[in-house]
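Q: Give me coordinates for this.
(one chain, ligands or ions: 2)
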Amino acid sequence: MGESILTTSLNITRAGVEVRNLSKSFGSHLVLDDISMTVAPGSVTALIGPSGSGKSTLLRCINLLETPDRGSITVGSQTIDADQRIRDVDLLKLRRQVGMVFQSFNLFPHFSVLRNITFPQEKILGRSREEAEERALTLLGRVGLKDKANHHPTQCSGGQQQRIAIVRALALNPQAMLFDEPTSALDPEIGLEVLAVMRDLAETGMTMIVVTHEMQFARDVGDHLVVMADGGIIEEGNPEEIMSDPREERTRRFLNAVL
Ligand code: ADP
Ligand code: MG
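A: Residues are numbered from 1 along each chain as shown. Ligands and ions are numbered 1, 2, ... in the order given. Now for the predicted structure:
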């Protein structure tokens with residue numbers, strides 16, 4: 001596919017992500033049951049599994065949008081341990097290192113595209129408007145959307161909005177990126193333009209965890225595949241190997257449904 005369009009503009013510090021014995025309940029419902037997972041720095045982990053298996057909750061725990069009941073999360077050198085008192089300053093530090101992209105884009109509808117990307121940089125990193133705009137425009141250029149800077153999100157297609165959401169997260173210099181079904185709200189051919197940006201990002205060496213039903217992406221870009229069911233990891237390993245010869249019957253059933 002030629003030279004990566006993002007490589008030159010991102011100065012990425014690669015962080016590993018380590019999840020240890022993570023459990024999370026909502027009321028009496030145990031949604032994550034003693035999950036442990038290691039994501040090597042600069043690697044891409046694809047996370048699959050049936051609806052309701054806990055994939056989104058796991059991502060939300062990793063960037064602490066949800067507080068784990070048990071266990072620990074480490075991103076780079078920053079660890080949050082549910083068994084110890086969690087200090088706000090540590091929580092913010094870890095959250096800052098992790099970018100997240102959702103299925104539904106979640107852009108601010110009343111802001112321009114540019115303001116969507118500059119606002120978090122100013123609020124979270126304390127960058128000046130000039131600095132934030134320069135970073136935003138560089139990144140928008142890299143995903144082919146510089147001309148959309150002064151539009152509103154509603155004037156952009158779904159695929160463009162998702163690329164803007166990715167840029168918004170990247171502008172904050174995350175050390176790892178989490179994607180929660182980033183293409184499932186998009187038409188397949190529109191999803192491809194988003195997947196192309198994610199593929200580029202992977203080539204820059206970004207550490208990524210991607211919840212997706214795009215099995216071709218998981219196979220081509222994923223270094224590691226994790227299969228979840230009922231709040232646990234039932235199988236993990238090389239994407240190609242698991243897809244061609246799953247060990248678990250539940251994995252086989254899930255793959256038959258999505259392939
Ligand atoms: P997945 O992303 O794999 O579809 P989720 O992590 O969204 O799964 O959900 C796992 C389970 O946790 C589901 O049964 C869901 O209903 C429940 N759940 C998720 N978020 C909440 C919440 N905030 N409050 C109560 N239950 C929740
Ligand atoms: Mg989900």
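
Q: From now on I want contacts and neighbour counts done on CA atoms only, so please keep to that.
A: OK.

Q: What pairs with the strand or helix carrying Ile233, parallel or antiparallel?
A: Using DSSP states H and E, Ile233 sits in strand 232-237. The strands that strand 232-237 pairs with in its sheet are strand 224-229 (antiparallel) (by DSSP bridges).

Q: The partner strand and ligand 1, are they touching?
A: No: under the criterion of CA under 6 Å from any ligand atom, strand 224-229 makes no contact with ligand 1; the nearest approach is 7.7 Å.

Q: Now tell me what touches that strand from outside.
A: Contacts to strand 224-229, defined as CA atoms under 8 Å, 6 or more residues apart in numbering, come from residues 43-50, 53-55, 218, 233-239, 242, 250-251.

Q: Go back to those residues and keep what's next to ligand 1.
A: Near ligand 1, by the rule CA under 6 Å from any ligand atom, you find Ser53, Gly54, Lys55 out of the contacts of strand 224-229.

Q: Which residue ranges of the stretch 1-150 of the chain form helices?
A: Assigned by DSSP state H, counting those that start in this stretch, the helices in the stretch 1-150 of the chain fall at 55-62, 88-97, 113-125, 129-142.

Q: most packed of those?
A: helix 55-62 (a mean of 22; mean count of other CA atoms under 10 Å).

Q: pLDDT on it, on average?
A: On average, the pLDDT along helix 55-62 is 98.

Q: and that helix, what other elements does it pack with?
A: Applying 3 or more CA pairs under 8 Å, 6 or more residues apart in numbering; DSSP states H and E, we find helix 55-62 packed against strand 29-39, strand 176-180.

Q: doesn't Ser36 make contact with Val19?
A: Yes: contact status for Val19 versus Ser36: in contact at 5.0 Å, counting by CA atoms under 8 Å.

Q: who's more crowded, those two?
A: Val19 (21 against 16; other CA atoms under 10 Å).

Q: Among the helices and strands packed on helix 55-62, which comes closest to ligand 1?
A: strand 29-39 (5.0 Å; CA to the nearest ligand atom).

Q: What mean pLDDT does that closest one get?
A: 98.

Q: Only the buried subset of the contacts of strand 224-229, as a PyMOL command please.
A: Here is the PyMOL selection string for the buried members of the contacts of strand 224-229, based on 16 or more other CA atoms under 10 Å:
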select buried, resi 43+44+45+46+47+48+49+50+53+54+55+218+233+234+235+236+239+242+250+251
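
Q: Contacts only, for Pro188.
A: Per CA under 8 Å, 6+ apart, neighbours of Pro188: none.

Q: per-residue confidence for it?
A: 90.

Q: Please apply the same query to Asn11.
A: So Asn11 comes in at 60 (pLDDT).

Q: got it, and Val44?
A: According to the prediction, Val44 has pLDDT 98.

Q: who's it bridged to?
A: In this entry, Val44 is beta-bridged to Met208, by DSSP bridges.

Q: surely it meets Val211?
A: No: applying CA under 8 Å, one finds Val44 not in contact with Val211, separated by 10.8 Å.

Q: With Gln161 as the reference, name the closest of the helices of the stretch 1-150 of the chain.
A: Among the helices of the stretch 1-150 of the chain, helix 113-125 comes nearest to Gln161, with 8.7 Å by CA to CA.

Q: Now do that closest one against helix 88-97: the angle between them, please.
A: For helix 113-125 against helix 88-97, the angle by axes from the mean of the first three to the mean of the last three CA atoms, to 10 degrees is 150 degrees.

Q: neighbouring contacts of helix 113-125?
A: So helix 113-125 is contacted by 107-108, 127-129, 132-133, 136-137, 148-153, 164, 167-169, 171-172 (CA under 8 Å, 6+ apart).

Q: pLDDT averaged over that helix, what's the number?
A: On average, helix 113-125 scores 96.

Q: And stretch 164-182, how far out from the chain middle?
A: Distance of stretch 164-182 from its chain centroid, counting by CA atoms, centre = their mean, to the nearest Å, is 6 Å.
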